[in-house]
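>>> Show me how the following folds:
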Amino acid sequence: MMSLTTSSMRAGRRTLFGFVGCSKRASSPGRGWRSCMRAIRLRRRIVRKWIKASSRSDRRRDGICHHHSFASRLVCVKSCPDMSLEKITLGTRGSELALTQTNMVTAELQTAFPHLRIERQIIQTSGDKRQDLRFSEFSDVAQVDKGIFIKELEIALENGQIDAAVHSLKDVPSDLAAGFTIAAVLPRAAIEDVLVTAQPYTLETLPKGARVGTSSVRRAAQLKFLRPDVQIVEIRGNVPTRVKKVLGDQPLDAVMLAAAGLLRLGLLNANLSRIHIDTHTLYGLVLDPVTFLPAAGQGAIAIECRAGDAASIQAIRSLNHAETESRVTAEREFLKILGAGCQTPVGAHTWIKDGRLHMAVRVFNEADLSAQPVEREAHRPVHEAKQLAADLAGML
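Next comes the predicted model:
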């Protein structure tokens with residue numbers, strides 16, 4: 001833009017100083033000469049400011065990006081978030097886990113944009129309000145088929161009440177409603193499921209006919225696939241409430257939860273083997289994702305925006321983690337092709353090795369969960385996440 005050679009700089013200064021514009025006719029005493037000199041002084045001041053601006057680097061002022069050279073400032077405008085944005089309002093559910101995840105997003109935004117004012121609004125969703133319903137009952141009773149933990153947040157987005165909504169990605173339908181977009185995903189946490197027990201059980205050593213609590217059809221289907229004798233008990237509630245189901249007068253033999261939530265709440269210890277809640281110490285067995293496939297998007301935090309809100313999208317997009325995005329894109333695209341929802345019994349496990357994205361899937365028959373599931377695995381280059389999902393769907 002302003003990358004000029006020495007000769008062109010001199011030529012530019014001659015023009016700006018008025019040596020070309022002020023002819024010999026204007027050099028005679030009188031009004032013309034005085035006007036010409038005023039023009040020269042004015043242009044000198046402009047050039048001094050221009051030279052000073054071109055030497056600035058590594059400075060940030062008033063939210064405007066100055067960390068590129070003046071010569072590349074135009075490129076920077078395209079690549080750096082538009083920090084004319086002064087405030088952003090994040091919407092979140094009110095559970096302890098949801099608030100913890102929103103605090104993580106807030107911290108990332110504050111680090112990236114110290115001058116940005118960040119506000120938070122807590123919004124109750126259908127899933128929060130109707131703790132009395134099983135997930136399978138929401139479409140009939142609460143008239144919510146998909147997205148029972150995000151619908152009200154999307155309404156707040158649409159109305160302009162909030163600028164971005166923070167979600168656990170596994171709660172977000174794979175076919176996002178029109179007018180919304182996932183602007184970013186944070187670096188993924190642990191993807192595994194955890195078997196929580198009061199005794200040191202494994203999947204193999206659970207007592208015959210053990211009662212295991214879970215709110216996930218996928219977990220229930222895989223558990224019955226591996227241990228046909230166990231009894232599945234559907235449980236609702238936040239993470240601590242579900243953990244405590246193995247305690248009390250009529251405890252369950254085990255409950256199953258996502259490792260990411262237990263870690264973010266500080267319940268699962270660093271060795272991934274003990275869970276501390278209140279005064280109790282429980283056992284936590286992290287299940288191998290090769291054997292017990294996680295949900296699509298499990299362990300990932302997603303930030304949703306209005307599709308037309310360019311300023312918010314640009315700011316949020318700066319938080320995006322590319323590897324996580326590639327992996328969850330493949331997983332969610334696979335669900336989308338199948339027409340599967342968040343509560344469909346499908347497991348998906350992705351990993352990146354030698355520049356290639358690998359995905360293994362396990363698909364159960366919704367009409368007959370006791371039937372043998374279909375299992376497939378494939379890989380493609382990392383940037384072909386959607387094509388990988390299509391390959392696997394075509395193999396079913």
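>>> you'd agree V172 is up against G147?
Yes: counting by C-beta atoms under 8 Å, a contact exists between V172 and G147, whose distance comes to 6.9 Å. The C-beta positions use only the backbone N, C-alpha and C, and glycine is treated the same way.
>>> higher neighbour count, the two?
Using other C-beta atoms under 10 Å, the more surrounded residue of V172 and G147 is V172, with 26 against 23.
>>> mind listing the helices for this protein?
The residue ranges that make up the helices of the chain, judged by DSSP state H, are 6-17, 31-54, 73-79, 96-112, 126-129, 138-141, 151-158, 217-226, 239-243, 259-264, 310-317, 322-338, 385-394.
>>> Mean pLDDT lowest where, among those?
When the helices of the chain are compared on average pLDDT, helix 73-79 comes out lowest at a mean of 36.
>>> Settle this for me: T197 is touching V246, isn't it.
Yes: with the criterion set as C-beta under 8 Å, T197 and V246 qualify as a contacting pair; they are 6.0 Å apart.
>>> any shared contact partners between those two?
Counting by C-beta atoms under 8 Å, 6 or more residues apart in numbering, the residues touching both T197 and V246 are 253-254, 282.
>>> between those, which is nearest D368?
Of all the shared contacts of T197 and V246, the one sitting nearest D368 is A254; the distance, using C-beta to C-beta, is 24.5 Å.
>>> show me the residues around the closest one that make contact.
With contacts defined as C-beta under 8 Å, 6+ apart, A254 is in contact with 195-197, 201, 206, 210-213, 246.
>>> Narrow the residues you listed to those in strands?
195-197, 211-213 (DSSP state E).
>>> just for the stretch 251-396 of the chain, where's the confidence low?
The model of the stretch 251-396 of the chain has pLDDT under 70 over residues 341-343.
>>> What are the boundaries of the strands in it?
In the stretch 251-396 of the chain, the strands defined using DSSP state E, counting those that start in this stretch lie at 254-258, 274-277, 280-286, 301-306, 346-353, 356-363, 374-381.
>>> which other helices and strands contact the second one?
Of the remaining helices and strands, those touching strand 274-277 by 3 or more C-beta pairs under 8 Å, 6 or more residues apart in numbering; DSSP states H and E are helix 239-243, strand 280-286.
>>> Domains in the protein, by residue range?
6-76, 81-189+298-320, 193-286, 321-396 (automatic domain parsing).
>>> Now distance to F292 too, for the ones you listed, in a markdown table please.
Formatted as a markdown table, these follow (distance: least, C-beta to C-beta, whole Å):
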| stretch | distance to F292 |
| --- | --- |
| domain 6-76 | 46 |
| domain 81-189+298-320 | 11 |
| domain 193-286 | 6 |
| domain 321-396 | 8 |
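>>> Now L186: phi and psi?
Geometry field for L186 lists phi and psi as phi -80, psi 160, criterion degrees, to the nearest 10.
>>> For the closest residue in space to it that isn't next to it in sequence, list each beta-bridge partner.
For L186, the nearest residue in space outside its immediate sequence neighbours is I301; the separation is 4.4 Å by C-beta to C-beta, 6 or more residues apart in numbering. Residues found in beta-bridge contact with I301 (criterion: DSSP bridges) are S168.
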